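> Need the 3D shape of this:
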Amino acid sequence: MDSEYLSSLFSETVKSLSDCSEMKEKGFFHECKDEDSLPSAKALEEIVELCRSLFFPGFYGRSTINRATLKYIVGVSVERLMKLLTKQIAAGLRFQTKASHDDSDDNFYREAEEIAQKLLTLLPDIRKVLETDAIAAYNGDPAADNIGEVICCYPVIKTLTNYRVAHELYKLGVPLIPRMLTEMAHSETGIDIHPGAQIGHHFTIDHGTGVVIGATCIIGNNVKLYQGVTLGARSFPLDDNGHPIKGIARHPILEDDVIVYSNATILGRITIGKGTVIGGNVWVTEDTEPGSVIVQAKKKKSKTQNDLIYPQDLGGL
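Just a heads-up that it's a prediction; the model follows:
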């Protein structure tokens, strides 16, 4: 191919792609002058790995951990986690405020450090809840040989680790990073949980793939979902410009001890009463009473050849 033509082609392509005036106005171009202007996906992956190793030592992180080395390894991990969290939270705060790159980073880092410290104090409580999730997954699956298999292999544990950390960051007002953490789990496991959702203890998802849990969902204790379940919204009001109004409660409430089987769809701000069982492939858009069993209507029996009625059998009609 003619080198002059290629040179012209490259120049025109670069010129076109470099014209960012409209892109910036529409929000499709984020100008970065500092290497940490946006949270780093690579750093967040390390944060997730550190959290998993702290919550379930020996199952994640270093494989040579023992009682003699546990305190040292935990200390090193917590120190590293604090440093990573502070830097990434500061990047998220800068992104949210659209601060000028000439502004001092001192305020962002000071606030980020305070938030990171608060999260560290919550780690023991997060681990306690995750332990109940692992127990629920183990008790609910006869195919699981032991709790270690659940921790190592089950996608729900990986997803809930990301979610429960992301949820606490979400409550602390951290922008962007909570959603990045849950979307990392979504990519890894196929389970999509918004960090704003509220989920109680002893929660589990069997198999997991295709589950969607919306931002304003409230899920009680001892709830079990199966693959393909959607806890979504039906509709939402729009503003004068036709855009969805943010922050409105629009997803279901599942009370304690609810079971939802595969591919069920539950939509809108409805309440699924305590102890309700939702069968597979069911569409639910209304409240259910506690203890309800919601299943598909029974299929009508197909007519056999002997059951069919022919025109000649209808006489003079």
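> The protein: strands as residue ranges?
Per DSSP state E, the chain carries strands over the ranges 192-193, 198-199, 204-206, 212-213, 218-219, 224-226, 230-232, 253-254, 259-260, 265-267, 271-272, 277-278, 283-284, 293-294.
> which other helices and strands contact the fourth one?
Contacts defined by 3 or more C-beta pairs under 8 Å, 6 or more residues apart in numbering; DSSP states H and E place strand 212-213 against strand 192-193, strand 230-232. (C-beta placed from N, C-alpha, C; glycine too.)
> got CSV for those, with mean pLDDT and distance to Ser11 too?
Formatted as CSV, the helices and strands packed on strand 212-213 follow (pLDDT from 0 to 100; distance: least, C-beta to C-beta, whole Å):
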stretch, mean pLDDT, distance to Ser11
strand 192-193, 98, 42
strand 230-232, 98, 47
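> Using CSV, lay out those strands together with distance to Glu31 and mean neighbour count.
CSV is the format used below for the helices and strands packed on strand 212-213 (distance: least, C-beta to C-beta, whole Å; neighbours: other C-beta atoms under 10 Å):
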stretch, distance to Glu31, mean neighbour count
strand 192-193, 30, 22
strand 230-232, 35, 21
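> In a markdown table, list these along with distance to Ala68.
Shown next, in a markdown table, are the helices and strands packed on strand 212-213 (distance: least, C-beta to C-beta, whole Å):
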| stretch | distance to Ala68 |
| --- | --- |
| strand 192-193 | 37 |
| strand 230-232 | 45 |
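> do you know which of the ones you listed lies nearest Phe108?
When the helices and strands packed on strand 212-213 are compared by C-beta to C-beta, strand 192-193 sits nearest Phe108, at 27.8 Å.
> Give the partner strands of that closest one in its sheet and their orientations.
strand 212-213 (parallel) (DSSP bridges).
> I'd like the distance from the strand it pairs with to the chain centre, please.
Relative to the mean C-alpha coordinate of its chain, strand 212-213 is positioned 7 Å out (C-alpha atoms, centre = their mean, to the nearest Å).
> In the stretch 51-200 of the chain, what residue spans correspond to helices?
For the stretch 51-200 of the chain, applying DSSP state H, counting those that start in this stretch gives helices covering 67-97, 106-139, 147-153, 155-171, 177-189.
> To Ile248, which of those helices lies closest?
Nearest of the helices of the stretch 51-200 of the chain (C-beta to C-beta): helix 155-171, 17.0 Å.
> what sits against Ser8?
By C-beta atoms under 8 Å, 6 or more residues apart in numbering, no residues touch Ser8.
> Return the per-residue confidence for it.
We have a pLDDT of 89 for Ser8.
> With Asp2 as the reference, measure out to it.
Taking C-beta to C-beta, to the nearest Å as the measure, Ser8 falls 9 Å from Asp2.
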